Structures are given as C-alpha cells and as structure tokens.
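Student: Next input, structure requested:
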Amino acid sequence: MPSPAPNPDIGAWDRLPAVEQAERWEQVVPGSAARMVRQIEADLAHQRRLATLQMVLQAIGSLIGAGAVVAYVWIAKSYLDHGEATAGAGILGSGAVGVAGIFVGRKIGRGTDTPP
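Tutor: The predicted structure is shown next:
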C-alpha cells in the first residue's frame, strides 16, 4: 500500500510521534512531549523568520538592480549631453543587459521564483 502524500497543512507537526509512543516516552522521560512541541514551535518560528528575511533580501536586490539601471541611464544621458550618443547607447545597453542577466540567471539557477 503506498504511503499517503504529505499534507502541506500539517507541516512540521507530522514529525510528532504517535500518541501511544508519546505516552510511553512521557512515562520514561516526564515532560518530553512538551519539549517536542516547544521544539516544533521554535522550528516553525525560525522558518517564518527565514521566509521574511528571504523576502527582504529579494526586495533589496530588486532595489539595487533598479538603482543600477537608473545609474546606467544617467551615465548614458551624460554621454549624450556631451555629444557621444554611440558610447552612451553602448554603456546603457550593455549595462542594462548585464543587470537583467543577473536577475534572470538567478531565477533560472534556482528553478523557481519561490524561496527554497
């Protein structure tokens, strides 16, 4: 008989032992069930902190990337103002493509848009 598919709603709680096993452990080591529950709660809180940090780091990366593109546009405009439109276009094009390549490469390297 195949094992049931993991239930994403259960999450870390499926790591708890069966009730009968937990009762036996509680007889041998009083307070072990409470310690297991506290550890799972701590693990879940840690996972939430990691997910929040990942979201903040992605936002910071996006802001830095956008800032880099703005800087390339500013430099290209400076070249244009000084009569060097070709150089400005080259700097803007190569810089913007480089920044876009970094973002696309990161997403392809991870395989998904969601944090691991």
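
Student: Least confident secondary structure element in this protein?
Tutor: Least confident helix or strand, the chain: helix 85-110 with a mean of 83, by mean pLDDT, DSSP states H and E.

Student: which other helices and strands contact it?
Tutor: Packing partners of helix 85-110 (3 or more C-beta pairs under 8 Å, 6 or more residues apart in numbering; DSSP states H and E): helix 32-81. Glycine gets a C-beta too; all of them are placed from N, C-alpha and C.

Student: Taking helix 85-110 as reference, get the angle to the helix it packs on.
Tutor: Put simply, helix 32-81 runs at 160 degrees to helix 85-110, going by axes from the mean of the first three to the mean of the last three C-alpha atoms, to 10 degrees.

Student: List phi and psi for the residue of the chain most remote from its centre.
Tutor: Computed with C-alpha atoms, centre = their mean, the maximum C-alpha offset from the centroid of the chain is found at residue 83, amounting to 43.7 Å. The phi/psi pair for residue 83 (degrees, to the nearest 10) reads phi 80, psi 20.
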